[in-house]
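Visitor: Give me a 3D structure for the following:
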Amino acid sequence: MLIDDMSENEKVYHQLKNYYIEWIYITSYITPILRAILTHTSLAARQHIPGTDILLEELSKLGLIKFVKEDESSDIGALTCPYIWLWLMANASDDNVLHHWNFKYYNELQHKEDPYIPPGCPYWMHFEHFVASFRVIKSKIFGKDQQIKLKDIYAGAKHNFGEEAIINKPLSLEQVIHRESTKSSAYSINKSVSCMKGGNQIKLHLEDASACIINGSGAPSAL
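Guide: All right, here's what the predicted structure looks like:
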């Protein structure tokens, strides 16, 4: 049954892709739209999506992206979309993480060669990889060195960030070769870990804060 379900997901994906192909591949629109959806950006019903010349009503006519008002009397709301539509837009990107965002299963050996490729089904298997890659995606929909509020990065999550902000840095997705300690104190002297990249072993310096790192197999959590 699960195999059949995955097959149906792929059929729907390709049917939607063929139907909306001209719009999907207007790549200059992808990042601004993803940013608006993933951060639950508050928008007025008759305004353009920030970073594009597309009106909300034009986008909503496609039928898969919806403008949801805060309440019936309000002119303010946010964009929502089914996960499969997010998948379509992400796959149109040439970004390593976005391009491999998928519903279907991946060969485990393929993941070992390239950590950007999820090792299994992103929506329920290998949750650690899902969380890490989603954080990387969010780092790339904002501008480099742009000040971003934590509540925007983690929109939809329960938090008490208030107005705290960080300077955004586009992250890469890496995986360490061996299981590593997740205690900060373990890196007081040696502030690097070993990862594989393009078939070569590299040293990743943690102080650079340039990557979201997935721990080795069997490790309790990501670094």
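Visitor: Give me the residue ranges of the protein where confidence is low.
Guide: For the chain, the stretches flagged by pLDDT under 70 are 1-10, 13, 19-28, 89-126, 218-223.
Visitor: What are the boundaries of the helices in it?
Guide: Using DSSP state H, the helices of the chain run over residues 2-19, 21-24, 30-38, 56-60, 83-91, 96-99, 108-113, 127-140, 150-153.
Visitor: in the fourth one, what's buried?
Guide: I take that to be helix 56-60. If you call a residue buried by 16 or more other Cβ atoms under 10 Å, then helix 56-60 has these buried ones: Leu56, Leu59. (C-beta placed from N, C-alpha, C; glycine too.)
Visitor: give the contact list for Phe161.
Guide: Counting by Cβ atoms under 8 Å, 6 or more residues apart in numbering, Phe161 makes contact with Lys149, Leu150, Lys151, Tyr154.
Visitor: The second one: how many residues sit nearby?
Guide: Other residues near Leu150 come to 16 when the count uses other Cβ atoms under 10 Å.
Visitor: Same check on the first one?
Guide: Burial of Lys149 is recorded as 15 neighbouring residues (other Cβ under 10 Å).
Visitor: how long is stretch 34-54 end to end?
Guide: Stretch 34-54 has an end-to-end distance of 13 Å (criterion: Cα to Cα, to the nearest Å).
Visitor: cool, and stretch 177-195?
Guide: In stretch 177-195, first residue to last residue: 5 Å (Cα to Cα).
Visitor: mind checking how far it is from the chain centre?
Guide: Computed by Cα atoms, centre = their mean, to the nearest Å, the chain-centroid distance of stretch 177-195 equals 25 Å.
Visitor: Can you list the buried residues in it?
Guide: Result for stretch 177-195 [16+ other Cβ under 10 Å]: buried residues Glu180, Val193, Cys195.
Visitor: Would you check that the last one makes contact with Leu173?
Guide: No: with the criterion set as Cβ atoms under 8 Å, Cys195 and Leu173 do not qualify as a contacting pair; they are 10.1 Å apart.
Visitor: Got the phi and psi for Ile54?
Guide: phi -90, psi 130 (degrees, to the nearest 10).
Visitor: what residues are up against it?
Guide: Tyr29, Ile33, His48.
Visitor: what's the closest of these to Leu55?
Guide: Comparing the contacts of Ile54 against Leu55 with Cβ to Cβ places His48 closest, at 5.8 Å.
Visitor: Can you report how many residues lie near the closest residue to the closest one other than its chain neighbours?
Guide: Excluding the flanking residues, the one nearest His48 by Cβ to Cβ, 6 or more residues apart in numbering is Leu55, at 5.8 Å. By the criterion of other Cβ under 10 Å, Leu55 has 14 neighbours.
Visitor: mind checking how far Leu55 is from Ala45?
Guide: Distance, Leu55 to Ala45, using Cβ to Cβ, to the nearest Å: 9 Å.
Visitor: Please apply the same query to Ile189.
Guide: Separation of Ile189 from Ala45 (Cβ to Cβ) stands at 56 Å.
Visitor: Then Lys17?
Guide: Lys17 is 28 Å from Ala45, by Cβ to Cβ.
Visitor: Many thanks, we can stop here.
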